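In: sequence first, predicted model second:
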Amino acid sequence: MNDENPLLRYRNIGVIAHIDAGKTTTTERILFYTGKSYRLGSVDDGTTTTDWMPQERGRGITIVSAAVTAEWKGYRINLIDTPGHIDFTAEVQRSLRVLDGAVLVLCSVAGVQCQSFTVDRQMRRYKVPRLAFVNKCDRTGADPLRVCAQLRDKLGHNAVMMQMPIGLEDKHQGLVDLVTMKALYFEGPSGDNIVQKEIPAELLPQAEDLREKLLDSVSMFSDELMEALLEGKATEAMIRAAIRKGTIDLKLTPVFLGSAYKNKGVQPLLDAVVEYLPAPPDVPNEAIVLSSAASDEKIIIPSDPTKPAVALAFKLEDGRYGQLTYLRIYQGKLNRDTFITNSRTGTEHKVARLVRMHADEMEEITDAGAGDIVAIFGLDCQSGDTFTDGSVKFAMTAIHVPEPVISLAIKPKDHKSEINLTKALHRFTKEDPTFRAGVNPESGETEVSGMGELQLDVYIERMRREYNVDVEVSPPKVAYRETVTRKSEFNYTHKKQTGGSGQYGRVAGFLEPCSEQPFEFVDAIKGGSIPRQFISAVEKGFKSMLAKGRRIGVPVVNVRVTIDDGASHAVDSSDIAFQEAARGGWRDAYDRSSPRVLEPVMRVAVEAPAEFSGPVLTTLMQRRAMIVGSQEETGMARIEAEVPLAEMFGYATTLRSATQGKADFTMEFSRYLLVPEAIEKELVEKFQEEQAKAHKK
């Protein structure tokens with residue numbers, strides 16, 4: 001590898017997986033072997049480096065992504081440990097947005113699980129090359145070959161075994177490296193003494209068979225290797241170069257094995273990270289050119305420290321010393337005491353303090369360049385903002401943020417809590433783009449929304465712990481929507497005389513269902529019956545009616561408005577008049593368009609021992625579930641269903657009771673569907689009662 005460019009020795013990677021696959025333990029071992037920490041942290045004991053929040057240590061799960069920097073054999077590894085729980089999916093999304101590669105951790109017993117599908121989809125969205133690490137080979141029922149087959153069959157990866165286990169379950173002793181054809185044993189109390197030996201004779205036939213499959217797969221990425229194999233002259237360097245090319249091109253997933261908890265297999269995984277995952281210059285990073293007349297003109301940002309600085313703020317955190325903004329630098333250099341410009345707002349900020357993060361600890365630095373992940377204090381910005389040195393106008397492509405699906409009403413118990421609640425909500429909504437807060441105009445209550453019950457629970461607990469806010473919490477609310485189900489016409493004239501010039505505007509057209517997008521406005525005016533300057537006012541008037549439907553007062557989606565006629569007055573027509581005409585036209589047509597209520601439907605995947613399949617199916621069918629599929633494998637059943645979110649509250653407790661605590665489930669938003677008429681009738685009646693109470697007040 002060419003060492004002239006120091007960036008070739010950088011690796012920006014994430015450790016990503018299903019909940020409980022062993023991400024945080026794997027990260028802890030990486031930090032230990034790279035000399036970044038001097039003890040082996042344990043999730044069970046609450047002594048991990050990257051799970052530093054009290055809620056994380058108390059619950060034994062990762063809630064926020066944590067960034068750490070380590071060195072391995074002359075390479076700098078910027079590593080992010082991400083959450084596995086679906087409620088904290090935004091943490092994974094924004095980490096993947098700035099990473100060049102990832103380690104997908106899988107449990108060698110459970111294999112590809114529900115959340116594995118979600119994180120795989122996220123990695124594909126951001127085109128992140130990945131290695132797979134099949135962890136927990138010491139567990140009863142471990143079968144890494146089956147997990148490799150699942151990667152191929154279920155996730156569609158070209159997964160290839162790079163290693164073979166020497167013993168499994170309680171007999172797991174080490175690994176066979178299929179590239180070097182050597183046996184590796186991890187000796188010493190911390191497994192840091194790697195002993196290389198010849199492959200045991202009884203394992204040699206299987207090792208040769210797996211190596212043959214490995215060479216068959218990787219030779220597809222190198223003509224040189226293919227020719228060398230035919231001549232019997234293939235070298236390790238050729239094999240590694242072909243594996244690297246296939247991995248970076250997203251056409252190969254190398255599979256490594258081990259047991260992070262038992263200190264086996266982590267050092268070869270680190271070797272693989274530097275050997276096979278891309279350096280910053282290997283990854284094309286797209287930016288939108290803001291100064292261009294074409295709104296979608298894109299440019300590839302090279303990882304060149306000599307060019308103008310471009311960095312993306314991907315995570316905000318309110319730390320002990322104020323707001324901390326995590327930045328991935330894509331181009332150029334950042335120096336302390338220089339100025340950077342926010343591309344979205346145009347405001348300049350001084351880089352007063354520049355730090356490199358180690359979970360919740362930090363190291364002061366004076367400068368950082370392309371390929372680095374750093375943090376800056378005192379930047380007033382949003383997650384996803386692009387910063388430059390001011391000489392270029394670029395914006396990095398956006399981070400995908402899913403819409404919240406669940407809401408809670410919260411009420412502070414006293415005046416002191418009320419003041420602190422405002423501070424807490426301001427901080428949390430800034431830090432987490434999937435956490436929203438606002439006041440319901442109908443009830444006057446403060447409402448918070450998010451991706452699931454666990455996420456909202458964690459934020460309410462953080463309000464109590466960090467801000468001393470005591471709140472009363474009302475039951476979760478579902479994010480219902482309204483839509484129209486048939487075409488209806490409108491022809492509305494807004495006429496008002498107030499002395500002097502009046503208001504006049506007429507709009508005619510129709511509303512109809514539109515499945516492709518939430519709202520579409522079609523201008524079909526011919527002959528100038530509505531002057532061009534008022535068309536945008538008509539659209540604005542219709543859009544203003546989408547926020548609150550007339551059925552149960554929730555936002556309206558999937559509707560197309562077409563205007564095909566109208567009239568104006570030489571003196572009395574204005575933007576305001578046509579906005580009012582559009583609102584009147586909407587009210588005129590909406591009730592005749594057979595409006596219906598939509599509810600969010602969740603994709604639910606339950607995994608449980610096979611003997612509990614019946615009880616699990618019963619718990620789902622009681623909740624209006626539509627079973628999508630079920631399968632059994634090695635004594636475990638996996639059932640997938642689509643279930644309305646309104647029916648899923650408290651499901652964790654029900655599932656635990658039905659399966660003696662042995663089942664696990666994940667839930668993510670799937671789509672909106674029509675609410676059954678009986679339930680819709682209840683929702684309408686409830687809305688009308690609330691309206692009547694509000695009018696009495």
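Out: That came through fine. Since this is a predicted model, take the numbers as computed values, not measurements.

In: which stretches of the stretch 501-650 of the chain have low pLDDT?
Out: For the stretch 501-650 of the chain, applying pLDDT under 70 flags the ranges 634.

In: can you map out the strands along the stretch 151-300 of the chain?
Out: Assigned by DSSP state E, counting those that start in this stretch, the strands in the stretch 151-300 of the chain fall at 159-161, 163-166, 174-177, 182-187, 193-197, 253-257, 285-289, 298-301.

In: who touches the fourth one?
Out: Surrounding strand 182-187, the residues in contact under the criterion Cβ atoms under 8 Å, 6 or more residues apart in numbering are 166, 173-177, 192-200, 203, 263-265, 267-268. All C-beta atoms are positioned from the backbone trio N, CA, C, and that covers glycine.

In: where does the stretch 51-200 of the chain dip in pLDDT?
Out: Ranges of the stretch 51-200 of the chain meeting pLDDT under 70: 51-66, 81-91, 93-94, 114-115.

In: helices of that one, residue ranges please.
Out: 54-59, 89-98, 114-125, 144-153 (DSSP state H, counting those that start in this stretch).

In: what's the answer for the stretch 401-550 of the chain, then?
Out: 415-431, 453-467, 535-544.

In: can you add distance to Glu580 and give these back as TSV?
Out: Formatted as TSV, the helices of the stretch 401-550 of the chain follow (distance: least, Cβ to Cβ, whole Å):
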stretch	distance to Glu580
helix 415-431	33
helix 453-467	39
helix 535-544	7
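
In: Thr24: which of those helices is closest?
Out: Across the helices of the stretch 401-550 of the chain, Thr24 has its closest neighbour in helix 453-467 (16.4 Å, Cβ to Cβ).

In: can you give me the angle that closest one makes with helix 415-431?
Out: Angle of helix 453-467 versus helix 415-431, following axes from the mean of the first three to the mean of the last three Cα atoms, to 10 degrees, is 120 degrees.

In: in helix 453-467, which residues are buried?
Out: Within helix 453-467, the residues scored as buried using 16 or more other Cβ atoms under 10 Å are 453-460, 462-463, 466-467.

In: then stretch 388-397?
Out: By neighbour count with 16+ other Cβ under 10 Å, stretch 388-397 contains the buried residues 388-389, 392-396.

In: list just the nearest of the residues you listed to Ala313.
Out: For those, the minimum distance to Ala313 (Cβ to Cβ) is 9.4 Å, reached by Met396.

In: count of neighbours near the closest residue to the closest one other than its chain neighbours?
Out: Nearest non-adjacent residue to Met396, counting by Cβ to Cβ, 6 or more residues apart in numbering: Leu312, 4.4 Å away. Neighbours of Leu312 under the rule other Cβ atoms under 10 Å: 27.

In: ok, now how distant is Leu312 from Lys430?
Out: Separation of Leu312 from Lys430 (Cβ to Cβ, to the nearest Å) stands at 16 Å.

In: next, the contact list for Met181, please.
Out: Applying Cβ under 8 Å, 6+ apart, we find Met181 in contact with 199, 207, 211.

In: put together JSON lines for these, with distance to Arg97 and neighbour count on each row.
Out: As requested, those are exported to JSON lines (distance: Cβ to Cβ, whole Å; neighbours: other Cβ atoms under 10 Å):
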{"residue": "Ile199", "distance to Arg97": "42", "neighbour count": "18"}
{"residue": "Ala207", "distance to Arg97": "39", "neighbour count": "21"}
{"residue": "Arg211", "distance to Arg97": "36", "neighbour count": "19"}
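
In: turn the residues you listed into TSV, columns for distance to Lys154.
Out: Converted to TSV, those look like this (distance: Cβ to Cβ, whole Å):
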residue	distance to Lys154
Ile199	30
Ala207	26
Arg211	25
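
In: between the residues you listed, which is closest to Thr247?
Out: Set against Thr247, the nearest of the contacts of Met181 by Cβ to Cβ is Arg211 (17.9 Å).

In: three-state assignment of Ser303?
Out: coil (DSSP: H, G, I helix; E, B strand; the rest coil).

In: and it, how many neighbours?
Out: Neighbour tally, Ser303, other Cβ under 10 Å: 24.

In: so what's it up against?
Out: Going by Cβ under 8 Å, 6+ apart, Ser303 touches 7, 279-281, 283, 285, 330-331, 370-371.

In: elements contacting the longest helix along the chain?
Out: Longest helix of the chain, by residue count under DSSP state H: helix 677-696. Counting contacts by 3 or more Cβ pairs under 8 Å, 6 or more residues apart in numbering; DSSP states H and E, helix 677-696 packs against strand 596-609.

In: could you check how far the strand it packs on is from the centre of its chain?
Out: Its chain's C-alpha centre and that of strand 596-609 lie 19 Å apart, by Cα atoms, centre = their mean, to the nearest Å.

In: likewise stretch 306-325?
Out: Worked out by Cα atoms, centre = their mean, stretch 306-325 lies 19 Å from the chain centre.

In: dump that stretch to CSV, keeping only the CA atoms.
Out: This file holds the C-alpha atoms of stretch 306-325, laid out as CSV (Å, rounded to 0.1, in the frame of the first residue of the first chain):
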residue,chain,number,x,y,z
THR,A,306,-5.0,20.8,0.8
LYS,A,307,-8.4,21.8,-0.5
PRO,A,308,-11.1,24.1,1.1
ALA,A,309,-12.5,22.6,4.4
VAL,A,310,-15.8,20.7,4.2
ALA,A,311,-17.2,19.0,7.3
LEU,A,312,-20.6,17.5,8.3
ALA,A,313,-22.2,17.9,11.7
PHE,A,314,-23.7,14.5,12.3
LYS,A,315,-24.4,14.5,16.0
LEU,A,316,-25.1,17.0,18.7
GLU,A,317,-24.6,16.4,22.4
ASP,A,318,-25.1,18.7,25.4
GLY,A,319,-22.1,17.8,27.6
ARG,A,320,-20.6,19.0,30.8
TYR,A,321,-19.0,22.0,29.0
GLY,A,322,-21.8,23.0,26.7
GLN,A,323,-23.0,21.8,23.3
LEU,A,324,-20.6,19.4,21.6
THR,A,325,-20.9,19.0,17.9
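
In: can you give me the buried ones in that stretch?
Out: 307, 309-318, 323-325.

In: looking at the residues you listed, spot the one nearest Lys696.
Out: Asp318 (41.6 Å).

In: which stretches in the stretch 401-550 of the chain count as strands?
Out: Using DSSP E, counting those that start in this stretch, strands in the stretch 401-550 of the chain cover 406-412, 436-439, 446-450, 471-473, 477-478, 481-483, 488-496, 503-513, 519-523.

In: given the first one, what are its sheet partners and their directions?
Out: In this case it means strand 406-412. Here strand 406-412 has these sheet partners by DSSP bridges: strand 446-450 (antiparallel), strand 471-473 (antiparallel), strand 477-478 (antiparallel).

In: so what touches the longest one?
Out: Contacts of strand 446-450 with the rest of the structure, by Cβ under 8 Å, 6+ apart, involve 87, 404-411, 421, 425, 434-440, 456, 459, 477, 479.

In: do the shortest one as well
Out: Applying Cβ under 8 Å, 6+ apart, the contact partners of strand 477-478 are 405-409, 447, 599-600, 645-646.
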